[in-house]
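Trainee: structure for the following, please:
(one chain, ligands or ions: 1)
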Amino acid sequence: MQEDGETKIKVLVLLGSPRKNGNSTILAQKIAKGAESAGATVETLYINSMNIKPCQGCWTCQKKESKGCAIDDDMQTIYPKLIGADAWVIASPVHWFNMSTQTKLWLDRCFALEKYGKNPFQKRIGIAMSFGDTDPFTSGCVNAIRSFQDCFKYVGAEISGTVYGSALNAGDISRNTELLKAAEALGKKLAT
Ligand SMILES: Cc1cc2nc3c(=O)[nH]c(=O)nc-3n(C[C@H](O)[C@H](O)[C@H](O)COP(=O)(O)O)c2cc1C
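Mentor: As a prediction, the model looks like this:
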């Protein structure tokens, strides 16, 4: 627990599943619980309900004098939250052998993040994923994790930890107690 007067670690949780009480969300909630138990403050965004348009590839955000992304949608409120957080938790189901479309929409739009604050990718990053297949490789989960690894390596960010497991129906992941423990431990790691 943090001592009084100390600035608390801020964790921003991005829920990338359309299912509100789905498996990746349950993992994210456990990560959040672990982070809070270690003294962090947690804010959670349910991306599916937000207005996030696909990147238009206009490159406006990459121009020297640019103030950021040219698209006026909910990402404009998410950018400062991403900058202000010390840690990000990205939770996604595997959809068609990769991260969900909702998660990818958000990720593409992070191209503009450097215009909203300094060192935008110097974060602790936790990833939580669930998939219906029994095997992380054939499910596409490993493929999704590889995508995250490539993206975050490109921007110089380090992934602090990844939790993932097999679960088809919403809530099934709750039976995997070892995985839930690992998720909580990841939350603590992100907060300390
Ligand atoms: C559109 C769609 C595509 C899916 N594609 C895959 C897949 O490629 N591989 C897999 O193992 N499971 C796949 N699944 C199953 C989900 O990954 C699984 O149910 C997961 O636990 C859902 O997580 P959630 O409850 O957080 O949404 C798919 C499910 C949907 C709805």
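Trainee: per-residue pLDDT, Y46?
Mentor: Looking at Y46, its pLDDT stands at 98.
Trainee: just use 48 as the starting number from now, easier for me
Mentor: That works, and once the first residue is 48, the last one we named lands at Y93.
Trainee: residue contacts, it?
Mentor: Y93 makes contact with 62, 67 under the criterion Cβ atoms under 8 Å, 6 or more residues apart in numbering. C-betas here are computed from N, CA, C, even on glycine.
Trainee: how near is it to the ligand?
Mentor: Y93 sits 12 Å away from the ligand, going by Cβ to the nearest ligand atom, to the nearest Å.
Trainee: show me the beta-bridge partners of that residue.
Mentor: Counting by DSSP bridges, Y93 is bridged to L62.
Trainee: same thing with F178?
Mentor: S213.
Trainee: and the pLDDT for it?
Mentor: pLDDT, F178: 98.
Trainee: now swap in I130 and tell me
Mentor: So I130 comes in at 97 (pLDDT).
Trainee: number of residues surrounding it?
Mentor: Per other Cβ atoms under 10 Å, the neighbour tally for I130 reads 17.
Trainee: thought it was touching A159?
Mentor: No. With contact defined as Cβ atoms under 8 Å, I130 does not count as touching A159 (11.3 Å).
Trainee: what does stretch 64-78 rub up against?
Mentor: Contacts of stretch 64-78 (Cβ under 8 Å, 6+ apart): 60, 62-63, 91, 93, 95, 136, 138-140, 147, 149, 173, 175-177, 210-212, 214, 217-221, 226-227, 230-231, 233-234, 237.
Trainee: distance from that stretch to the middle of the chain?
Mentor: 11 Å (Cα atoms, centre = their mean, to the nearest Å).
Trainee: first to last residue in it, what's the distance?
Mentor: Chord length of stretch 64-78, first to last residue, is 16 Å (Cα to Cα, to the nearest Å).
Trainee: ok, now stretch 161-168?
Mentor: For stretch 161-168, the end-to-end distance is 8 Å (Cα to Cα).
Trainee: appreciated, that's everything.
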